[in-house]
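Trainee: Take a look and give me a structure for this.
(one chain, ligands or ions: 1)
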Amino acid sequence: MLDQTATALAPAPAAAAPAIRLTGLTRRFPGAPAPALDGVSLEVAAGEVFGVIGRSGAGKSTLIRCANLLERPDAGRVEVLGRDLTAEDEAGLRAARRGIGMVFQHFNLLASRTVAGNIAFPLEVAGVPRAEREARVAELLPLVGLAEKRDAYPARLSGGQKQRVGIARALASRPGVLLCDEATSALDPDTTAEILALLADLRARLRLTVLLITHEMAVVKALCDRVAVLEAGRVIEQGRVFDVFTRPQAATTRRFVAEVIGDEIPPGTLAALPPPGPGEARRLLRVLFAGPHSTRAVVSEASRRFGLDLNIVSGRIDAIGAEPFGILALAAYGAAPAVEAAIAWMRGLGLAVDDLPWAEGGA
Ligand SMILES: Nc1ncnc2c1ncn2[C@@H]1O[C@H](COP(=O)(O)OP(=O)(O)OP(=O)(O)O)[C@@H](O)[C@H]1O
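Mentor: Residues are numbered from 1 along each chain as shown. Okay, the predicted model is just below:
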């Protein structure tokens, strides 16, 4: 049975349909003033880690529950590994769910079973013979770093260890896709980092396809290839994590991104800057360097070439995956055409330059 499942759920070839395709998902709970999901569409490619981020109440839990039909959408379609779950009857759904692993925020372990017993549980339910179950558990324990804890009961485990069990259990039937519901939200920061590293490692080794929901941008940054931002049941922005982090479009996304990118201008900084001199323009610019630019050289050369006074008011150099980037906020003083020319010159170098509002002290 295990082998059959594995074959049926082998990763799709590159040109095939996405591993998960959600189309026009809508869910309104009876009596609720607004729908929890309002026409959500997204696609997760085979081997991709896709994050859905949103504030409390945005609709994330409803979305992930709809993705395996634990919650039935009022409208829309859920396709997983080429199978339309919305068209399946209960028996079909049970079979399809064996190809979908689920990791929960609160682990949902059985207190009366050992670590091995919890990991083997979905295999037992699926009727996998004992010897095969034991072989699979023996494979999974070292993979999640729990080789020593085989016979421990959940009450004796730390939160991080419990989630390792939850992850191993989700992988037990070699699912074609993994759904993660706030997998690190119940953990402290160090344990969160550990579990994120484990998921990143498993993802690389097993080429997992993952759809995860989270309210933490750090999770998206550490794990995801692409991200969708959910607000009031709608996707307000989606794209590659690098693009969304470095050039967020929606105000909500900018707030999320600021939490992890840390490119906010420290309070009081702008108020401390001088007003523009007579005939001078003063602009606040956000300059994004993607790739191996030297921020210092660009700032000093722009200043020299165009006769500007450029003050760095905040700066941050970071990387998302293997892609480095830098973000600077510059207060630019000089003749208006010279500032324009400097902006055009920087854009010509491939930098993204945007105006920021002069939020303090008045422009
Ligand atoms: N079973 C339910 N009955 C009625 N309303 C519900 C139900 N489940 C969710 N809702 C409502 O639907 C909206 C979306 O909830 P959902 O739990 O999906 O959001 P969320 O982004 O996961 O938030 P949180 O992070 O707080 O769980 C909220 O307004 C919520 O109150």
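
Trainee: so where's the longest helix in this structure?
Mentor: helix 189-206 (DSSP state H).

Trainee: Residues in contact with that helix: which ones?
Mentor: 49, 143-145, 158-160, 163-164, 167, 171, 180, 183-184, 187, 208, 210, 216, 218-219, 222-223 (CB atoms under 8 Å, 6 or more residues apart in numbering). Glycine gets a C-beta too; all of them are placed from N, C-alpha and C.

Trainee: where do the helices sit along the protein?
Mentor: Going by DSSP H, the chain shows helices at 2-8, 60-67, 90-97, 115-125, 130-143, 159-171, 189-206, 217-223, 241-246, 251-261, 295-306, 336-348.

Trainee: Relative to the ligand, which of these is closest?
Mentor: Comparison of the helices of the chain against the ligand by CB to the nearest ligand atom identifies helix 60-67 as nearest, at 3.2 Å.

Trainee: Can you list the neighbours in contact with the closest one?
Mentor: 20, 22, 25, 27, 36-37, 40, 52-54, 71-73, 76, 78, 80, 100, 179-182, 211, 213-215, 230, 233.

Trainee: That helix and the ligand, are they touching?
Mentor: Yes - counting by CB under 6 Å from any ligand atom, the ligand is contacted by helix 60-67 at Lys60, Ser61, Thr62.

Trainee: mind listing what's buried in the longest helix of the chain?
Mentor: Thr191, Thr192, Glu194, Ile195, Leu196, Leu198, Leu199, Leu202, Arg203 (16 or more other CB atoms under 10 Å).

Trainee: CA atoms only: put that helix into CSV for me.
Mentor: The C-alpha coordinates for helix 189-206 follow below in CSV (Å, rounded to 0.1, in the frame of the first residue of the first chain):
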residue,chain,number,x,y,z
PRO,A,189,12.6,31.6,18.8
ASP,A,190,15.5,29.2,19.1
THR,A,191,13.3,26.2,18.6
THR,A,192,11.6,28.0,15.7
ALA,A,193,15.0,28.4,14.1
GLU,A,194,15.8,24.7,14.6
ILE,A,195,12.5,23.5,13.1
LEU,A,196,12.9,25.9,10.2
ALA,A,197,16.3,24.5,9.6
LEU,A,198,14.9,21.0,9.7
LEU,A,199,12.2,21.8,7.2
ALA,A,200,14.7,23.5,4.9
ASP,A,201,16.9,20.4,5.1
LEU,A,202,14.1,18.0,4.5
ARG,A,203,12.9,20.1,1.6
ALA,A,204,16.3,20.0,0.0
ARG,A,205,16.7,16.2,0.5
LEU,A,206,13.2,15.1,-0.3
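
Trainee: Now do that helix and helix 130-143, the angle between them.
Mentor: If you take axes from the mean of the first three to the mean of the last three CA atoms, to 10 degrees, helix 189-206 sits at 120 degrees to helix 130-143.

Trainee: Can you give the distance of helix 189-206 from its chain's centre?
Mentor: Mean-position distance between helix 189-206 and its chain equals 13 Å (CA atoms, centre = their mean, to the nearest Å).

Trainee: Over to stretch 35-47?
Mentor: The answer for stretch 35-47 is 13 Å, by CA atoms, centre = their mean.
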